[in-house]
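Visitor: fold the following, please.
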Amino acid sequence: MTNTMTLSDKLPHYARLMRIDKPIGTLLLMWPTLWALWIAADGWPPLHVLAIFTLGTFLMRSAGCVINDYADRDFDGHVERTKNRPLATKSVSTREALLLAAGLSLLSFVLILPLKPLVIWLSVPALFLAASYPFTKRFFAIPQAYLGIAFGFGIPMGFAAILGEVPAAAWVMLLANIFWAVAYDTEYAMVDRPDDLKIGIKTSAITFGRFDVAAVMLCYAVAFGLLAAVGVATARGPLYFAGLIGAACIAGYHYTLIRGRDRAQCFKAFRHNNWVGAVIFAGVFLDDLLRRF
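Guide: Numbers count the residues shown, from 1 in each chain. Coordinates of the predicted model:
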């Protein structure tokens, strides 16, 4: 099948492999990066830095999706939600997938070359995290925590781009992102739990078992608590904390969605985390505006 398709025929399959049609992953990667840039810069970051991180986030998320599907190519066909992915249906070859992931990663690296040297050094573990995460589902009991590190590494990189160093607050923000990622990706894993049990994939939803809902809510609480500590340490104002309260209210709504463990409702809760990240960023952004006027 792959040998008879032209490049124009394959482009839509490459786009689906990169999840261009599903931007939620890019947004979940983008919001923590924006929190970091605004807090590090104490307001608007330089526009070239903002542009580099925005495009770089899209490219690295796309590369991560390609690597994920490469790692799961023998499993996706057995999972209802993923059985039609390009590698599972063999509409894209494994060689093409690896070349695509390499190309996207190279573009991301070229993007950050104008930034401070520390950012370039930090890009090495960032790339390793993105490339290795999909394979952690074979042996880590809670691979979602590893995902949180990978998805949050834009935080120390953002601080490094602005300040040339990574202060303690950045690492606390990264820790908060890990707990947030465990929360939202457990909701995601609850969708696939029956299929994952059959094929032997490890996820937090399986590890937490009947305590999955409680674990999700606890992770939300820890994430918001850590971000509140960052707010105190960096002298944020009332609107910053209002953003965290708003995010906590959204998390409370997620409880009503996931407590019945219905697949569709759990997936809805996962996707709704875009609003958690957005509301927290709105608090950071509006707090900065208020302090300037």
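Visitor: and the next element down the chain from the top helix by length along the chain?
Guide: Ranked by residue count and defined by DSSP state H, the top helix of the chain is helix 168-199. Following helix 168-199 in sequence order, the next helix or strand is helix 204-208 (DSSP states H and E).
Visitor: next one: that next one to chain centre, how far?
Guide: 19 Å (CA atoms, centre = their mean, to the nearest Å).
Visitor: who does it touch, helix- and strand-wise?
Guide: Judged by 3 or more CB pairs under 8 Å, 6 or more residues apart in numbering; DSSP states H and E, helix 204-208 is in contact with helix 143-152, helix 168-199, helix 212-233. In this view, the C-beta of every residue, glycine as well, is placed from N, C-alpha and C.
Visitor: columns distance to Ile120 on top of these, output as TSV?
Guide: TSV is the format used below for the helices and strands packed on helix 204-208 (distance: least, CB to CB, whole Å):
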stretch	distance to Ile120
helix 143-152	18
helix 168-199	17
helix 212-233	25
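Visitor: what's the distance between the residue found closest to Ala36 once you drop the neighbours it is linked to in the chain and Ile39?
Guide: Closest residue in space to Ala36, ignoring its immediate chain neighbours: Gly158 at 3.6 Å, by CB to CB, 6 or more residues apart in numbering. When distance is defined by CB to CB, to the nearest Å, Gly158 is 9 Å away from Ile39.
Visitor: ok, these two, which is more surrounded?
Guide: Gly158 (29 against 26; other CB atoms under 10 Å).
Visitor: quick one: the more buried one from Ser62, how far?
Guide: 19 Å.
Visitor: ditto for Trp180
Guide: 21 Å.
Visitor: so which elements touch the host helix or strand of the residue nearest to Ala36?
Guide: According to DSSP H and E, Gly158 maps onto helix 154-163. Packed against helix 154-163, as judged by 3+ CB pairs under 8 Å, 6+ apart, are the following elements: helix 24-41, helix 47-71, helix 117-136, helix 168-199.
Visitor: and that helix, what's buried?
Guide: 154-162 (16 or more other CB atoms under 10 Å).
Visitor: tabulate the helices and strands packed on helix 204-208 in a markdown table, adding columns for distance to Ile258, mean neighbour count and mean pLDDT.
Guide: As requested, those are exported to a markdown table (distance: least, CB to CB, whole Å; neighbours: other CB atoms under 10 Å; pLDDT from 0 to 100):
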| stretch | distance to Ile258 | mean neighbour count | mean pLDDT |
| --- | --- | --- | --- |
| helix 143-152 | 15 | 24 | 88 |
| helix 168-199 | 6 | 22 | 91 |
| helix 212-233 | 6 | 19 | 97 |
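Visitor: so which of these gets nearest Leu289?
Guide: helix 212-233 (15.8 Å; CB to CB).
Visitor: ok, residues contacting the closest one?
Guide: The contact list for helix 212-233, computed with CB atoms under 8 Å, 6 or more residues apart in numbering, reads 39, 168-169, 172-173, 175-177, 179-180, 182-183, 186-187, 190, 204-205, 208, 236, 240-241, 244, 247-248, 251, 254-255, 258-259, 261, 280.
Visitor: chain center to stretch 212-219: distance?
Guide: Distance, centroid of stretch 212-219 to centroid of chain: 18 Å (CA atoms, centre = their mean).
Visitor: got it, and stretch 184-199?
Guide: The chain centroid and the centroid of stretch 184-199 are separated by 17 Å under CA atoms, centre = their mean.
Visitor: and stretch 38-56, by the same measure?
Guide: 18 Å.
Visitor: contacts for that stretch?
Guide: 30, 33, 37, 108, 111-112, 114-115, 154, 157-159, 161-163, 169-170, 173, 230, 234, 236, 281, 284-285, 288, 292.
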